[in-house]
Structure formats: C-alpha cells, structure tokens
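Visitor: Sequence and predicted structure below; questions after.
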Amino acid sequence: MNLSLRALSVAAMLTVASIGGAVAQDNPEVGGAAMFADKNIVENAVNSADHTTLVAAVQAAGLVETLSGEGPFTVLAPVNAAFDALPEGTVETLLKPENKETLSTILACHVIPAKALSTDIVGMVEADGGEHVVDTVGGCKLTLKAADGKVTVTDENGTVANVTIADVIQSNGVIHVIDAVLTPKSAM
C-alpha cells in the first residue's frame, strides 16, 4: 500500500511538472505578462500591458470569438505605441460603432490563416528569393522579408512593421509582436 501511494505521488508530480513545462513552452513575456501555450490568442493578449489598444479594438470589432476559435492563426500584434503613432483621432474614430466594418478589416489584415513561426517565415522568404507575399484574413497582401535575423512586414501602403517579439506560441496559433499598424490599401 505504501509503495502504491508513493508511486501515485511520483506520477502526480511528473504530471504536474510536464503540464507546467507544456504551458510555458519557453514563451517570451509580452507586455510584462507570461504567455501560456495552452491559452488562446485572446486569453493571452488581454494580459499584455502593451496591447490594451489592440484588445479594445478586437472587442469593438466583434472579433473576440473568431480569435478565440480553433485557428490556426498567425497574429501580427501591434503594440500600443504603434496605434499611438497613427494620426491623431484615428483610433478613436475607428472604435466608433459606425466604423466597426473598417476596424474589423484593418484588424483582419493582421491575421494570417495559418501558423507561421519565424523559422517558417524565413524559409518562405529565402525560397522566394528575398521576400514572400502572404494573404491575410482581411484580404490584404503583406510582404514578409528577413535579413540579419530580423523579420519585417510591409503592408499595401508601404508601412513597414518590425517583428519585435517572435514566436509567442498560443493554443490556436502564434503571435508575433510588431511595432506598426498595418492597413489595407483602401482603409486609410
């Protein structure tokens, strides 16, 4: 009996240790918060102090359910400073209910309908001779480039976003933190 309890106790400790390791998966912190591989994109994003504007926009656009879905998604997540860099009043205007469709399109231009880690992106860029064009959920075409260990994303208007934190694993995809807001050709 004592041996059985000990074996059960060891098994329980191993299970807890393996769950803890699977949850963290060496994910980087984002916005001062731990990011957990067993949580979805929305569940993790709401904890990042650097993504409060993005979270508010996702809520205003009605995309919480979509980005909480199965995926897989690659989300290019602009930090608050990226939204702050837009012309004055832009964010406030986009958050109005009458601009929900435009906001939704802009946000969907930050979502690639596949899980693409940085190594995948570098591989696609190299295979295509220096840049790779991807289609987003929002119908935008983004140009991915990789050089000197850095990945950049260029939208249809020529805005270049740098990936500042790559490969934040989620249960339904991956997040890459970027430093600019990407927009479709007709949005701004």
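Guide: Thanks, I have it.

Visitor: May I have the strands that pair with the top strand by length along the chain, each with its orientation?
Guide: Across the chain, the longest stretch assigned as strand under DSSP state E is strand 160-170. Its sheet considered, strand 160-170 pairs with strand 150-154 (antiparallel), strand 173-178 (antiparallel) by DSSP bridges.

Visitor: any residues touching the shortest one, and which ones?
Guide: Taking contacts as Cβ atoms under 8 Å, 6 or more residues apart in numbering, the residues outside strand 150-154 that touch it are 76, 118, 121-122, 142-146, 160-163, 166, 176, 178, 182. Bear in mind the C-beta positions are built from the backbone N, C-alpha and C, glycine included.

Visitor: avg pLDDT for that strand?
Guide: Mean per-residue pLDDT for strand 150-154: 95.

Visitor: neighbours around N99, how many?
Guide: 15 (other Cβ atoms under 10 Å).

Visitor: ok, now how distant is it from L63?
Guide: 14 Å (Cβ to Cβ, to the nearest Å).

Visitor: Show me which positions of stretch 61-74 end up buried.
Guide: Judged by neighbour count using 16 or more other Cβ atoms under 10 Å, the buried positions of stretch 61-74 are 61, 63-64, 66-68, 71, 73-74.

Visitor: could I get those residues as a markdown table with pLDDT, distance to A114 and secondary structure?
Guide: Converted to a markdown table, the buried residues of stretch 61-74 look like this (pLDDT from 0 to 100; distance: Cβ to Cβ, whole Å; DSSP: H, G, I helix; E, B strand; the rest coil):
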| residue | pLDDT | distance to A114 | secondary structure |
| --- | --- | --- | --- |
| A61 | 94 | 21 | coil |
| L63 | 92 | 18 | coil |
| V64 | 92 | 21 | helix |
| T66 | 90 | 15 | helix |
| L67 | 90 | 14 | helix |
| S68 | 91 | 17 | coil |
| G71 | 90 | 9 | coil |
| F73 | 95 | 8 | strand |
| T74 | 96 | 6 | strand |
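
Visitor: how about G139, what does it touch?
Guide: Counting by Cβ under 8 Å, 6+ apart, G139 touches 105, 108-109, 184.

Visitor: Mind doing that once more with 10 Å?
Guide: Counting by Cβ atoms under 10 Å, 6 or more residues apart in numbering, G139 touches 105, 108-109, 156, 184-186.

Visitor: Just the ones of those residues in helices?
Guide: 105, 108 (DSSP state H).

Visitor: who wins for neighbours among the contacts of G139?
Guide: Neighbour tally across the contacts of G139 (other Cβ under 10 Å): the maximum, 25 neighbours, falls on C109.
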